[in-house]
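Q: Sequence and computational prediction follow.
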Amino acid sequence: MRTVDLIQKKRDGGELSREELAFLIQGYTSGRIPDYQLSAWAMAVYFRGMSARETADLTLEMAASGDTVDLHSIAGVKVDKHSTGGVGDTVSLVLAPLVAAAGVPVAKMSGRGLGHTGGTIDKLEAISGFKVELTQEQFVDQVNRHGVAIIGQSGNITPADKKLYGLRDVTATVNSIPLIASSIMSKKIASGADAIVLDVKTGSGAFMKTLDDSIALAQAMVAIGTEVGRETVAVISSMDQPLGVAVGNALEVRLAVETLKGHGPADLEELCRTLGSHMLVLGGKALDTEEAREMLSELIAKGYALKKFKEFVACQGGSPSFIDQYSLLPTAKHVVAVEAPVAGYVAAIEAEGIGVSAMLLGAGRETKEAAIDLAAGLLLRRKIGDRVEAGEPLVELHTNRTDPKLLDEVKRRVLEAYRITDTPVEPPQLILAVVTKDGVERVG
Ligand code: URA
């Protein structure tokens, strides 16, 4: 087999066989096939797409490219959740203890943030003492004893995806439905989940900008899950503005605690309830999503979800005292308001611009090796639909950086991300569709 023939076949709209995909993925992972040839293939996939069968085969090849996690010694249906990437996406910090409190075991591997998107592992490191590295035995043991563990991706899980994702990032081939679907699903399959709930973001701050493309991505991932016997449900939610009100590691931890106390922002609460309800149904703890939603509301109202969060923090070595005293979290020295230049109604908040602003304040990293400031980030004081008067704060910047040029640049970016109009604006609908193996249900 020759790599150039496979590139040509895809370039001309052909369908690669399992053996051909195995040749490409194994060859690339081992270093035998160079970046430039895989780039050409990825670009051909970008334009030509892949059949459902090809996408499933690519996923399985990538899942098999490294270690796989065996969760069989954990009793119950292990349901994992994965987001396609957003800004202010505090969901995992809320959902993990919440669904664990309902009796669904959560054995989760999460990632770090890169660029304008955050990562759960960085957020957890804002908690003093919290250990994000556990051995496989400790990980399984903790889930068996406490029902929940979240660790960083350890070992050599899906090295093919790691390498290919890095290549796609610099060759303008990220936004391809089969490549995103196989990237996400290969990691979920390798990390051992029995069932998967996907949080597919759509809109200006997401990889997929339109609802139709997001539904197509969701359908591709549900088809892969179904093909490999892992029941998969995808919820499509709006990323036309950041989720919740906090962007930045310690700020998001604090918001997660507020949400578990029942005082979270409406959109974050709603998304957690929707995703959580599907996790409870897949985990066999509720008959339908209505029943599951009530269970989740009760777990928050009665304080069980917060209690599980405390237990989770403590058993991973963290000190839970910050839950009652937020000043124990990393706190920025400076809080700077970005004020509305005119009065009106917030019509748009471009999520990527807000994510990049948080990164510039120190909350995120531009390169994988960069250090981050866990205290840095921003709080949104106004969201779409809110009224604001001129001079009132739109956003609070939390930062330890004092360079006036940098702060001016961040303020400029924040103001560019906000659009204010004279006429009242309806907040965007949050949950737009649910995709299962039985079809697509559009909401509203
Ligand atoms: N998240 C992933 O893990 N992979 C992609 O390709 C896009 C988002």
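A: Happy to help now that I have it. Computed from a predicted structure; not experimentally measured. Numbers count the residues shown, from 1 in each chain.
Q: quick one: buried residues of stretch 379-388?
A: Residues 379-384, 386, 388 are the ones in stretch 379-388 that count as buried (16 or more other C-beta atoms under 10 Å). Where you see a C-beta, it was placed from the backbone N, CA and C, and this is true even at glycine.
Q: Straight-line length of that stretch, end to end?
A: 15 Å (C-alpha to C-alpha, to the nearest Å).
Q: helix, strand or coil for residue 82?
A: Per DSSP: H, G, I helix; E, B strand; the rest coil, the secondary structure class of residue 82 is strand.
Q: Just confirm it contacts residue 199, I think it does.
A: Yes - counting by C-beta atoms under 8 Å, residue 82 touches residue 199, with 6.9 Å between them.
Q: List the contacts of the residue of the stretch 201-350 of the chain found nearest the ligand.
A: Of all residues in the stretch 201-350 of the chain, the one sitting closest to the ligand is residue 207 (5.9 Å; C-beta to the nearest ligand atom). Listed by C-beta atoms under 8 Å, 6 or more residues apart in numbering, the contact set of residue 207 reads 84-85, 174-175, 180, 201, 217.
Q: ok, 6 Å please
A: By C-beta atoms under 6 Å, 6 or more residues apart in numbering, residue 207 lies in contact with residue 175.
Q: Could you report the neighbour count for residue 333?
A: 10 (other C-beta atoms under 10 Å).
Q: so it makes contact with residue 400?
A: Yes - counting by C-beta atoms under 6 Å, residue 333 touches residue 400, with 5.2 Å between them.
Q: Do you have the helices of the stretch 51-200 of the chain handy? List them.
A: 52-63, 91-101, 120-124, 136-146, 159-169, 177-190 (DSSP state H, counting those that start in this stretch).
Q: residues from the chain in reach of the ligand?
A: 84-85, 165, 174, 179-180, 183-184, 207 (C-beta under 6 Å from any ligand atom).
Q: Where does confidence bottom out across the residues you listed?
A: For the residues of the chain next to the ligand, the model is least confident at residue 85; its pLDDT is 80.
Q: Give me the nearest residue to that residue, chain neighbours excluded.
A: Using C-beta to C-beta, 6 or more residues apart in numbering and skipping the chain neighbours, the partner closest in space to residue 85 is residue 117 (4.8 Å).
Q: That neighbour and residue 210: what is the separation?
A: Using C-beta to C-beta, to the nearest Å, one gets 20 Å for the distance from residue 117 to residue 210.
Q: between the two, which one's more packed in?
A: Neighbours of residue 117 and residue 210, each counted by other C-beta under 10 Å, are more numerous for residue 117; the result is 24 against 11.
Q: who does the more buried one bridge with?
A: residue 114 (DSSP bridges).
Q: Against residue 169, how distant is it?
A: According to C-beta to C-beta, residue 117 and residue 169 sit 12 Å apart.
Q: same check, this time on residue 48
A: For residue 48, the distance to residue 169 - C-beta to C-beta - is 20 Å.
Q: quick one, which of these two is more surrounded?
A: More neighbours surround residue 48 than the other of residue 48 and residue 169, with 16 against 12 (other C-beta under 10 Å).
Q: Tell me how far the more buried one lies from residue 54.
A: Counting by C-beta to C-beta, the gap from residue 48 to residue 54 is 10 Å.
Q: okay, residue 26: pLDDT?
A: For residue 26, the pLDDT comes out at 97.
Q: burial measure for it, as a count.
A: Per other C-beta under 10 Å, the neighbour tally for residue 26 reads 15.
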